[in-house]
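# Provided below are the primary sequence and the corresponding predicted coordinates.
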Amino acid sequence: MSDGMIASKIDTIRSQFPALQRKGHAGQPCVYFDAPGGTQVPAAVIEAMKHYLSAQNSNTHGQFITSEESDQVIEHARELGAAFIGAPGASDIHFGANMSTITFHLSRALLNMLSAGDEIIITRLDHDANISPWLALQKFGIQIKWVDFNPENCTLKMDDFGKLLSDRTRLVAVGYASNAVGTINDAKSIVKQAKAAGALTFIDAVHFAPHGLIDVKAIDCDFLVCSAYKFFGPHIGMAYVRKSVADILQVDRVRPQNPLPPEKFETGTLNHEGIAGFNAAMNYLASLSQTDSPTTDVRQAIVKSMAAISAYEQQLSRKLITGLQDITGVKIYGIADLKALAHRTPTVSITVEGHTPQGIAHELGKRDIFVWDGDFYAVEVIQRLGLEKSGGLVRIGLTHYSTTSEIDRLLAGLREIAR
Ligand SMILES: Cc1ncc(COP(=O)(O)O)c(C=O)c1O
């Protein structure tokens, strides 16, 4: 049902993003295949930020209208954030500068619940923002255990994960999807196994969030973090903390700060205009599945929109992967099996024989096609694949505003460069 929904209104969707109208060096429309590094924003997001700064700009909890409205903007953002990820309540949602800052903050807080010799399991498939905050606890005697991945298709070695769990495992921190190679991990099964071993679970959903439906209640994790600039919003981070954990977690905070969740996790004044933009980004996502009779249930709309997005993106992945497989010298890293597209995001990374990743990105850049090269802070992935000395990967990162004709332009460019 949702299969053709995005394709049928792709022009209307694209017209909402001012950035998609710009032209680049070569005078052609820019092709934004840089989405895993940050997505573009709809005009409504820009407008909401402008409106906040023009009419509502204030600090919180004051006795005057702009402050009252600022409180409302933030409270509404918690409700929309909860709807976005299927969290039980608005107070389970807190905001911060970005995912990395939030994760360091939470790792320091979790240390208060740990003792020397306790174990944390992390994976080699993760972005370093879900690695370094846990490695930082080693100096306090916390032991780190690594889950490896299969280099042939970049999927986690789930059997190894089961073997690493022990009665000392206190936390399992895992990415929902890899920002380097697009693998979607089975977060639900990982959490289930971790819980059975008595461990807490921390999910980095930064890369997954723009591509599929997050359902925190179904995953049953204790923490889930993401960043709005990856899902059509401004540069802010968002976190879910399970209430029973949030209540007991001791966190560094300035003394006058509200000691109760969610505010207790929020160090200092938030990025209010960013939060106003976040609300508009949520409304944008909900609107994708709206018909003439829009639902008032935001979660229901988000569920439909994300189903439509992932169906559309699987079609894009199919076209991109098939096209790449046809170009001599191109090697795809990650899941390339067309029957397994539901297990990957439309983030497809490659190398091209005889060319450095930077060289390829540069050549594509000259053609106004934006792709990233390097390690994308997924340093463990690049090392495990043995690519650190050769410049890492070229990452082609599609999203729901990408089109099949843009893929054709990329493939034509690659064919010329690889020749
Ligand atoms: C999978 C993943 N996790 C974490 C991060 C870090 O997010 P932030 O920039 O919000 O700290 C990124 C950023 O690229 C990412 O892709």
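Done, it's in. Numbering: from 1, shown residues only.

# Up against the ligand, what does this protein have?
Contact residues, the chain versus the ligand (C-beta under 6 Å from any ligand atom): 36, 98-100, 127, 129-130, 175, 179, 204, 206-207, 227, 237. Where C-beta positions appear, they are placed from N, C-alpha and C, glycine not excepted.

# Out of those, list just those in strands.
Among the residues of the chain next to the ligand, DSSP state E puts Gly175, Asp204, Ser227, Gly237 in strands.

# Contacts only, for the second one.
Residues in contact with Asp204, defined by C-beta atoms under 8 Å, 6 or more residues apart in numbering, are Met99, Thr103, Asp126, His127, Ala129, Asn130, Ala173, Val174, Gly175, Tyr176, Val225, Cys226.

# In a markdown table, list these along with neighbour count.
Listed next are these as a markdown table, based on neighbours: other C-beta atoms under 10 Å:
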| residue | neighbour count |
| --- | --- |
| Met99 | 26 |
| Thr103 | 26 |
| Asp126 | 29 |
| His127 | 26 |
| Ala129 | 23 |
| Asn130 | 25 |
| Ala173 | 27 |
| Val174 | 24 |
| Gly175 | 28 |
| Tyr176 | 27 |
| Val225 | 27 |
| Cys226 | 26 |
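
# Just give me the closest of those to Leu411.
Among the contacts of Asp204, His127 lies closest to Leu411 (C-beta to C-beta), at 27.4 Å.

# just checking, Ala173 touches His127?
No - look at Ala173 against His127 with C-beta atoms under 8 Å: they stay out of range, at 11.1 Å.

# circling back: pipe the contacts of Asp204 into a markdown table and attach pLDDT and distance to Asp167 per row.
Conversion of the contacts of Asp204 to a markdown table gives the following (pLDDT from 0 to 100; distance: C-beta to C-beta, whole Å):
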| residue | pLDDT | distance to Asp167 |
| --- | --- | --- |
| Met99 | 98 | 30 |
| Thr103 | 98 | 25 |
| Asp126 | 98 | 24 |
| His127 | 98 | 29 |
| Ala129 | 98 | 28 |
| Asn130 | 98 | 24 |
| Ala173 | 98 | 18 |
| Val174 | 98 | 20 |
| Gly175 | 98 | 25 |
| Tyr176 | 98 | 26 |
| Val225 | 98 | 27 |
| Cys226 | 98 | 31 |
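
# Okay, helices next: where are they in the stretch 201-350 of the chain?
216-219, 243-248, 272-287, 298-325 (DSSP state H, counting those that start in this stretch).

# So which of these is the most surrounded?
Of all the helices of the stretch 201-350 of the chain, helix 272-287 has the most neighbours on average by mean count of other C-beta atoms under 10 Å, namely a mean of 24.

# which phi and psi does the residue sitting nearest the centre point of the chain have?
Among the residues of the chain, the one closest to the centroid is Val206, at 2.0 Å (C-alpha atoms, centre = their mean). The phi and psi torsions at Val206 (degrees, to the nearest 10) take the values phi -60, psi -50.

# Isn't it up against Tyr229?
No - applying C-beta under 8 Å, one finds Val206 not in contact with Tyr229, separated by 9.5 Å.

# No more questions from me, cheers.
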